[in-house]
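Engineer: Pasting the sequence and the predicted model now:
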Amino acid sequence: MPEAMLIETTPFARNKPIAVPGLVVAYRDGVTVASIAAYREKAVALSDLIEATYGVALPAPGRRVSSNAITLQWSGPGQWLAIAERGQRGGAVRDLEAELKPIVAGLAAVVDQSDARGIVAISGTRALNVLAKGVPIDLHERAFATGDVANTHASHIAITIARLDDTPTFELTMYRSYATSFTDWLRSATAEFVHTQPR
Amino acid sequence: MRLACPCCGERSLDEFTFLGDASVTRPDPSADDAAGAFHAYAYLRRNAAGPSDELWFHNTGCHAWLVVTRDTRTHEILGVRLAQDVALARTGNRKDVRETSA
Amino acid sequence: MSRGTSYRLANGGAIDRSRPLSFSFDGHDYTGFAGDTLASALLANGVRLVARSFKYHRPRGILSAGSEEPNALVELRAGARREPNTRATTAELYDGLDALSQNRWPSLAFDILAVNSLASPIFVAGFYYKTFMWPAAFWEKLYEPMIRRAAGLGRAADAPDPDTYEKVTAFCDVLVVGGGPAGLTAARAAARSGARVVLADESFALGGRLLAERRTIDQMSGVEWCSSMTNELAAYDNVRLLPRTTVFGAYDSGTYGAVERVSDHVAVPPDGTPRQRLWRIVAKRTIVTAGATERPIVFGNNDRPGVMLAGAVRTYINRFGVAPGRRTVVFANNDDGCATIADLAAAGIDVAALVDTRSATPRHIADLAARLGVRAINGVITDVEGRHGVKRARIRTTDGASLVVDCDLVAVSGGWNPNIQMTTHLNGKPRWNDAISAFTPGDLPKGMSVAGAAAGEFSLTACLAQGTRAGAAAAAATGFDAEPIDVPTTGDEHVAISAFWHVEGSRHKALVDFQNDVTAADVALAEREGFRSVEHLKRYTTLGMATDQGRTANVNALAILAKLTGKSIPETGMTTARPPFTPVALGAFAGHHRGHDFKPSRLPPSYDWTREQGGILVETGLWMRPAYFPRAGERDWLDTVKREVETVRRKVGICDVSTLGKIDVQGPDSIALIERLYMNGMTTLKVGRARYGVMLREDGMVMDDGTVARLGEHHYFITTTTANAAKVYQHMQLARQWLWPELDVELASATEQWAQYAVAGPRSRDLLSSIVDPVFDIRDATFPYLAAAELTCCGGVKARLYRLSFSGELAYEIAVPARYGDALWRRLVDDAHALGGCAYGSEALGVMRIEKGHVSGPELNGTTTPSDIGLGSMASKKKDYIGRVLGGRLGLTDAERPTLVGFKPLDRAKRLRAGAHFIARNAEATAANDEGYMTSAAFSPSLGHWIGLGLLRRGPQRLGEVVRAFDPLRNEDNLVEVVSPVFIDPEGARLRA
Ligand SMILES: [Zn+2]
């Protein structure tokens, strides 16, 4: 008989924290994630239903919205990622796939991605300088405002990047198996800042 | 080279994967001349010096297949459309093709 | 000139005399100042002979003061940081700098190979093609080593580069290439409008020629004005200044490459700081203000140390406070060059003569010479003399008189070439401008404009005005309204020129391309031998093919060729400049991606355990897959793999198969899409069942294989091979979006969501019964071969179980959310040990699939049809699918095609190898007799000898026949018996147990 639940391993568990002046690197664990893909000509109905349930509609291409209950992030034509804290909700652990499936049945495909991603928030005055060393898109506030999201890559690792605020804070989502290579790159990109304070 | 994805905006070439000519369409496999038509579909290309429609995949982007109109002489990008919209429009199933034009 | 003699002027120059720096050159110690280049510091110390030339080992000095330098190339730094071909004229001096001259042996002053100069008849243009024609064998053993010894360009470091490099992407509204007067005004105009501006300049100080000339702008000295402009620009949030940065290439869509020499000006980069940084700059508008490069005039011994470009002479005097000589002859065809006499006189340097190629020297130049007491001559220098440096100049006056003037410096100017390289990288054709006797930019790439000297405007007034206008226009074009800015004011100057290229009738070699040792005589020889196209001239003589791309050579060569062919220069043409503008270290292009970081690695869930165990990993695409898990006492990998295979076949083994591609397919048209993607029928697949499937390419070849599990009415879950996961996903998206866009079906990659482990062997069900939660019945009756279920394990963990077998044993694959992957793996390993089982890797998996005759990567190699690999009967006849029509072509259905069979060595002790070719037993080993090849081979622990899979012509009809497995690469020739590809359990009893 199985005696206990298995212990979980977070995507960045094997990676030492990165501490650099002017930069906060925070791994975001304990989330439940599901991909939502609207069936043909069902996107409007789907969005209405999502809005009725969570108070926020599905965001436009390149955008991300959040309510207390859920974050919805565009990820492709007719596709979104739903993200929430796994936490405890009414005593139960949240599982967005299980939660969304009955709600959007017949309107969208829902697939659990909670374990498929590693999520890291990179924040601070040096965030733009560091990210420019791997992310080939314009993250300047004029081009990439708070609430914007993009699929691109960081040092050849596919990522989804969102701007959360004007600190600035960026949240990067990548496939779980790349977490260590991503951290290796981030460490080398931050190396020049380790010994100096931001101006 | 940079391509303006209708979903994601302008991105560098290294986010995309090239497939080939977008001017050919998969023939009817049940037609009498299917063998010849498929041969042409798979192998015969205009290879135009000038504007050409090409299929590109936004690999580290939105995973959309795109029809890119590129001048093969200058690499000038004349327009980028969502392949699904183009394909649907071809069969009369869609009118609004999402695109970014130069 | 003896060492230690100071040529440093008493005052002046933008150097910091309070910060002396010591450095060494060829083992001698010297002192310079902060703000010096290696070249200016060498000149200040009286060092004039700094290099030997590439081919003839001619003594060379310093020709220029910039990145166009063809002569003064040195090896900078020592040991692992040694860097050959570094231009002394751009190398910024730092304390402890250590440089060596190149191409000399045993010493710079006494170079034995200068004898090449005497043997020069064999080194003339095209010598590669003429001298070393035959015998061919001599090339490798004699000619090449000899040429390499004789002609070289320094030695690369032979240890790994200890420094780091990085790559950065930057976006801007306006990129300004070059920080001279035009660039500074352009950047300021754009910056004031609020546009995002990047300004890059090669040098460590912004200002370009202004730092080198005695000019006044807005009542400030040039240097003061430059620093005030720099300070203003640095204060803008929307401006990024990149000094020490060369924009080296223009690419499509407004993309530019630039290299920043972050730490080249210090001995060792500070901890964490890269040595160099490669910038990819994406600009909406670009203003090229790259200035101009002065040309020498071609005359006898014009490459001797002491012959220096006139502009460079002014740079050394005005910017670095250095006298490049004591007694000068100025030789020029233009006003700007002639006016150098004023700078020389102001610095207290003797001017022995001004030689003006023009028959009539303009009034203002004549007046200037008279005022300074300089002897003005209309004529040419035919030759200079002096072995290791200029000692005198031979002059021929316009009216035919000859005279000899003692001097140690010749300041030469043949006019200026606008730096148009950036405008031609995308195939822009330059235009000849007679007024300045130079090429100017032609049609420009989209978004690019050119201002200042790069546009052929050589007066400072014009540069300042053009730069300001170009900056405002570029900002306006990107949506920023530039407020009108006053153009800085300065005095007028004269820039008239009269074309003059080559002094004919000189006694000595007259160099055109200094770096590649191409002379005026070589150009003439090429022309005589018929190489009259400029592209042929270039390739025949190697002109312009050195690391400087002939920046001081090309136009002179063109002019000489034009005269010989009787054509005009524009008719003669211009070779195409290509990136990079100046050489870029490969390290900068690699950036972070070298060694361990060459490419990202994907780590599977069992990775940590594998490392703890000392397991061996193998790269499969980007994945690091466990290959095998050695134990103490095992001699080699074969021992280990044998043990792993035997354990699986007798007990139970577990293998991490998480790397297989997994794609979730949902939607009403799921099955319609799947039927078109797979050649075999899937419609009959029931919920809770899985099926093996084969995908073809449209040309009829096998693309990939995997499994399809049906999890719900309109919900399927597909696996692909590890190697093809991305390709199959793209292919499926193409089918859904492009081929059949009307299908209502959605795909999601789920590869990373699930940690998935194969559990194989007779005890696999026993092992899983302690893992799968007891409410789920996995006995054979309820969970038979090819069953699939969503269930829970280990006390409520979400899981999926499939009864699939690659090994041929009773086997399952169990998947849990990846966060539990490490824990489940450890649990499975422990439980397996208790049953006498073990973990196995991809090697054992590979052996077992060969024993079972399952195809894999080596058979699915893009050239095999389903029939070739024994899967022809799987193909559905009831539907269309990708690859069906073309798969039916005659050539692909030919009964003669090599087809999959198994092989056993006749001598069971022999080893088989993949890659061996099959030849009939008594046939000769020729290509004509080739009947196929071995695709896979392995030592079979179950059979106790080597076995192979391979493609043999009509293979299935030849079972029992003996053929040769001929492997000329490894010198092996074995007789093998043709057998069924299924070596064990052909009835499949085990997997259905
Ligand atoms: Zn896109």
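Structural biologist: Cool, the structure landed.

Engineer: any weak-confidence spans in chain A?
Structural biologist: Low-confidence segments of chain A, defined by pLDDT under 70: A:1-4, A:88-91.

Engineer: And it, what are its domain boundaries?
Structural biologist: If you go by automatic domain parsing, the domain ranges for chain A are A:18-28+A:116-194, A:31-112.

Engineer: so how far is stretch B:25-34 from its chain's centroid?
Structural biologist: Distance of stretch B:25-34 from the chain centroid (Cα atoms, centre = their mean, to the nearest Å) equals 20 Å.

Engineer: Would you mind pulling the contact partners of the one helix or strand residue C:937 maps to?
Structural biologist: Element membership for residue C:937, per DSSP states H and E: strand C:932-940. The contact list for strand C:932-940 (Cβ atoms under 8 Å, 6 or more residues apart in numbering or on different chains) reads C:638, C:641-642, C:846-847, C:850-851, C:856, C:858-859, C:861, C:898, C:900, C:903, C:911-918, C:945-953, C:955, C:965, C:983. Every C-beta, even on glycine, is put in place using the N, C-alpha and C of the backbone.

Engineer: among the residues you listed, which ones are buried?
Structural biologist: Buried members of those, scored by 16 or more other Cβ atoms under 10 Å in any protein chain shown, are C:641-642, C:846-847, C:850-851, C:856, C:858-859, C:898, C:900, C:903, C:912-914, C:916-918, C:945-953, C:955, C:965, C:983.

Engineer: that older thread, what about the contacts of strand C:932-940, which are in helices?
Structural biologist: The members of the contacts of strand C:932-940 that map onto helices under DSSP state H are C:638, C:641-642, C:846-847, C:850-851.

Engineer: Kindly reformat those as TSV containing distance to the ion.
Structural biologist: Shown next, in TSV, are the ones in helices among the contacts of strand C:932-940 (distance: Cβ to the ion, whole Å):
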residue	distance to the ion
C:638	48
C:641	44
C:642	49
C:846	38
C:847	43
C:850	42
C:851	45
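
Engineer: Go through those residues and say which is closest to chain B.
Structural biologist: Set against chain B, the nearest of the ones in helices among the contacts of strand C:932-940 by Cβ to the nearest Cβ is residue C:846 (28.9 Å).

Engineer: Need phi/psi at the one residue sitting closest to the centre of chain A.
Structural biologist: By Cα atoms, centre = their mean, chain A has its centre lying nearest to residue A:173, at 4.3 Å. Backbone torsions of residue A:173, given as degrees, to the nearest 10, read phi -120, psi 130.

Engineer: on that earlier part again, deepest-packed of the domains of chain A, please.
Structural biologist: Among these, domain A:18-28+A:116-194 has the highest mean neighbour count (mean count of other Cβ atoms under 10 Å in any protein chain shown), at a mean of 20.

Engineer: how distant is that domain from the center of its chain?
Structural biologist: 11 Å.

Engineer: next one: stretch C:745-753
Structural biologist: Once both centres are worked out by Cα atoms, centre = their mean, stretch C:745-753 turns out to sit 34 Å from its chain's centre.

Engineer: how about it, does it get close to chain B?
Structural biologist: No - for stretch C:745-753 and chain B, the contact criterion (Cβ under 8 Å from any Cβ of the partner chain) is not met; the two come no nearer than 8.6 Å.

Engineer: Next, the buried residues of that stretch.
Structural biologist: Quick answer for stretch C:745-753 (16+ other Cβ under 10 Å): C:745-753.

Engineer: In those, find the pair that's most separated.
Structural biologist: Farthest apart among these by Cβ to Cβ are C:745 and C:752. That separation is 21.4 Å.

Engineer: hang on, the earlier thing: which ones among the contacts of strand C:932-940 lie within strands?
Structural biologist: Cross-referencing those against strands under DSSP state E gives C:898, C:900, C:903, C:917-918, C:945-953, C:965.

Engineer: ok, the residues you listed vs chain A, which is closest?
Structural biologist: Once Cβ to the nearest Cβ is applied, the member of the ones in strands among the contacts of strand C:932-940 that ends up nearest chain A is residue C:949, at 30.4 Å.
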